[in-house]
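In: Sequence first, predicted model second:
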Amino acid sequence: MLLSVENVTKVFGRNTAVDNVAFSVDKPAFVGIIGRSGAGKSTFLRMVNRLTDATAGAIHFDGRDVLSLKGAEKRAWQSDCAMIFQQFNLVPRMDVVSNVLHGTLNRHSALATMFNLYPTSDIHRAIDILERLGIAEQAAKRAEALSGGQQQRVAIARALMQDPKIILADEPIASLDPMNAQVVMDALRRIHEEDGRMVVANLHTLDTARRYCDRVIGMREGRIVFDGTPEQLTTGVARDIYGADASFSEASTSTSIDALDANARAMMEEVEVL
Ligand SMILES: Nc1ncnc2c1ncn2[C@@H]1O[C@H](COP(=O)(O)OP(=O)(O)OP(=O)(O)O)[C@@H](O)[C@H]1O
């Protein structure tokens, strides 16, 4: 088994955000997680990446007991397990290449990083990755000058700099227009197929989950209520996942206000970790 998740639970005070989640994946698949805002998708990804500690349960990836890693081993895991966020989390005033080189942060001294002293080989690799994602011509621009879709591709490039075994994407296209969303999802899918990297993506639209994923997991109130192929994800099943009472829509299945709140929280915690 490549990834096995055993009865993972996260309790915040009186709220069980993730409730006894269990599933396993035997090869590097493209897995989508869907569910309403507040279903526990972000919390689950953050536990996998060790940004948030689990209350109970176990996660194994390729022989590693993820939830019990400490110190250098935990940092090595976080390097093997790259994270992509809805709001890109780039340094806006810094140029694109420097943002991408930040993906090697764990490997260099703080001083070298502060003065942008990266080995030439790393700089070449960063440009190669940007080329692969079709944005090499933006390399010298400030990140903030790019479109949302381009910024998310920079974030993917930064993730690839870590040479991760698994990429966790938390609503990677929720802030993008449909065209940019497609470019970003195509990039993730291609990285998965060409490099054999596993991808686990929280997605807020059903059509994206159906189109890009090998397997879809549906969460509701912290629990897994669906685990199957995109073909099995019928409208009836989707109603179970999103709740029959919700004003259910195929196009938009996440309330943006809640999503924004959760994201702001995630970003603040992210800053603390860095
Ligand atoms: N740091 C925290 N402290 C307290 N409660 C939290 C925290 N993070 C998340 N929660 C709660 O856990 C539950 C699951 O939230 P989570 O963000 O994981 O859901 P989600 O499915 O990712 O939704 P969204 O799409 O809005 O991000 C929610 O009830 C949320 O309020």
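Out: Okay, I see it.

In: for the stretch 51-200 of the chain, what spans make up the strands?
Out: For the stretch 51-200 of the chain, the strands defined by DSSP state E, counting those that start in this stretch cover 56-61, 64-65, 81-85, 166-170, 198-202.

In: burial count for residue 144?
Out: Neighbour count of residue 144, defined by other C-beta atoms under 10 Å: 11. C-beta here means a position set from N, CA and C on the backbone, and glycine is covered the same way.

In: Leaving out chain neighbours, which residue sits closest to it?
Out: residue 92 (3.8 Å; C-beta to C-beta, 6 or more residues apart in numbering).

In: I'd like to know how far that neighbour sits from residue 213.
Out: Residue 92 sits at a distance of 31 Å from residue 213 (criterion: C-beta to C-beta, to the nearest Å).

In: The two: who's more crowded?
Out: Between residue 92 and residue 213, counted using other C-beta under 10 Å, residue 213 has the larger neighbour count: 25 against 12.

In: is it true that that one touches residue 34?
Out: No - assessed by C-beta atoms under 8 Å, residue 213 is found out of contact with residue 34, at 9.1 Å.

In: Which residues are in contact with each of the two?
Out: Counting by C-beta atoms under 8 Å, 6 or more residues apart in numbering, the residues touching both residue 213 and residue 34 are residue 203.

In: Give me the three-state assignment for residue 33.
Out: Assigned with DSSP: H, G, I helix; E, B strand; the rest coil, residue 33 falls in the strand class.

In: Where does pLDDT dip in the stretch 151-274 of the chain?
Out: 244-274 (pLDDT under 70).

In: on that earlier part again, as CSV, the strands of the stretch 51-200 of the chain with mean neighbour count would be great.
Out: Below are those laid out as CSV (neighbours: other C-beta atoms under 10 Å):
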stretch, mean neighbour count
strand 56-61, 17
strand 64-65, 14
strand 81-85, 23
strand 166-170, 24
strand 198-202, 25
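
In: do you know which of those lies nearest residue 26?
Out: Nearest to residue 26 among the strands of the stretch 51-200 of the chain is strand 198-202; the distance by C-beta to C-beta comes to 10.9 Å.

In: Output that closest one in CSV with nothing but the alpha carbons.
Out: Extracted C-alpha coordinates of strand 198-202, given in CSV (Å, rounded to 0.1, in the frame of the first residue of the first chain):
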residue,chain,number,x,y,z
MET,A,198,0.5,11.2,-6.4
VAL,A,199,-1.9,14.1,-6.1
VAL,A,200,-4.6,14.6,-3.5
ALA,A,201,-6.7,17.6,-4.3
ASN,A,202,-9.6,19.1,-2.4
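
In: on contacts alone, who are the packing partners of that strand?
Out: The contact analysis (3 or more C-beta pairs under 8 Å, 6 or more residues apart in numbering; DSSP states H and E) places strand 198-202 against strand 30-34, helix 41-48, strand 166-170, helix 178-195.

In: Quickly run through the sheet partners of that strand, with directions.
Out: Strand partners for strand 198-202, identified by DSSP bridges, are recorded as strand 30-34 (parallel), strand 166-170 (parallel).
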